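**Q** let's see this in three dimensions:
(one chain, ligands or ions: 1)
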Amino acid sequence: MTVRKRIGVLISGRGANMAALIEAAENPAYPAEIALVVSNRPEAAGLERAVKSGIATAVVDHKPFGQDREAFERAIDAVLREHDIELLCLAGFMRLLTPWLVDTWAGRMINIHPALLPAFKGLNTHARALEAGVRLHGATVHYVTHDMDGGPIIAQAAVPVLTGDDAETLANRVLDAERVLYPLALDLVASGRASLEGGRVNISEAMEPRAPLIWPI
Ligand code: GAR
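**A** Numbering: from 1, shown residues only. From the prediction side, this is the model:
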């Protein structure tokens, strides 16, 4: 039997990506188990979803820590250690990270960002993609480094931008793609098929690429 990596997921809200990871990990052949979900917001809807699946949850509210981001992160890290977490997935976790957390989890922390990086780092990615007039938009899973949204890319999913899209319709299309992408990317990392080499991600045993996604046609 393969040893499954113990995953901690950090969320701040709805938790659609977290739910996709939970569903993927219900397959015993998946190389990771979701062992813990931590939210910085007590009212995050994702917490309830995790509880429904029998997953341990914790709330580490950032508010009592005020400006002391590192103390907040040390509190999160303590919970992660209690649960023997080996790999950390950020899934809609809307707090800026300090160098301390990034260093502590270096090479063991991945994030999903709603854009085809390195385009549209930061917030409001869908509105900015529409404004820029790109034809393809999407999502990226990457390792977290000191460079915000700039860490080594593990996997990406592209979606078309359609006539009449607004930020919401585009966000929904990207989210559908994210829910497929994140479990695949975590599979690559947890199984060891993705590895960090010289600041880039090397993928072993990748499948042949499918046809290019060309839009519009
Ligand atoms: C997702 O689209 C995720 O990519 C994005 O927030 C959404 C969270 O949705 N993350 C970021 O913007 C990180 N800066 P979810 O809570 O339903 O997974």
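**Q** ok, Arg95 - how many residues close by?
**A** Using other CB atoms under 10 Å, the number of residues around Arg95 comes to 16. Where you see a C-beta, it was placed from the backbone N, CA and C, and this is true even at glycine.
**Q** look up how far the ligand lies from it.
**A** Relative to the ligand, Arg95 is positioned 9 Å away (CB to the nearest ligand atom, to the nearest Å).
**Q** also Thr169?
**A** To the ligand, Thr169 is 14 Å away according to CB to the nearest ligand atom.
**Q** wait, that residue sits on Leu162?
**A** Yes. Using CB atoms under 8 Å, Thr169 makes contact with Leu162 at a distance of 7.5 Å.
**Q** so who does Val51 touch?
**A** Thr57 (CB atoms under 8 Å, 6 or more residues apart in numbering).
**Q** hang on, I meant His126
**A** Contacts of His126 (CB under 8 Å, 6+ apart): 114, 137, 167-168, 170-171, 174.
**Q** so it versus Arg179, what's the distance?
**A** Noted for His126: a distance of 16 Å to Arg179, by CB to CB, to the nearest Å.
**Q** repeat that for Ser53.
**A** Going from Ser53 to Arg179 by CB to CB gives 15 Å.
**Q** those two: which is more packed in?
**A** Taking neighbours as other CB under 10 Å, Ser53 and Arg179 compare with Arg179 leading, 19 against 14.
**Q** would you check that the more buried one makes contact with Ala20?
**A** Yes. The pair Arg179 / Ala20 is scored as a contact, 3.9 Å apart, by CB under 8 Å.
**Q** doesn't Gln156 fall inside a strand?
**A** Yes. Checked against DSSP: H, G, I helix; E, B strand; the rest coil, Gln156 lies within a strand.
**Q** neighbours around it, how many?
**A** Gln156 is flanked by 17 other residues according to other CB under 10 Å.
**Q** model confidence for the closest residue to it other than its chain neighbours, exactly?
**A** Of all residues beyond its chain neighbours, the one nearest Gln156 is Thr140 (4.8 Å), with distances taken as CB to CB, 6 or more residues apart in numbering. Thr140 is assigned a pLDDT of 98 by the prediction.
**Q** distance check, Thr140 against Leu170.
**A** 15 Å.
**Q** for Ile214, same thing?
**A** 18 Å.
**Q** again with Ala129
**A** Ala129 is 7 Å from Leu170, where distance means CB to CB.
**Q** same check on Val141?
**A** Distance, Val141 to Leu170, using CB to CB: 19 Å.
**Q** so between those two, which is more surrounded?
**A** Applying other CB under 10 Å to Val141 and Leu170 shows that Val141 carries more neighbours, namely 29 against 21.
**Q** for the residue in the chain positioned nearest to the ligand, what are its contacts?
**A** Closest approach between the chain and the ligand, counting by CB to the nearest ligand atom: Gly92, at 2.6 Å. Applying CB under 8 Å, 6+ apart, we find Gly92 in contact with 11-18, 46, 112.
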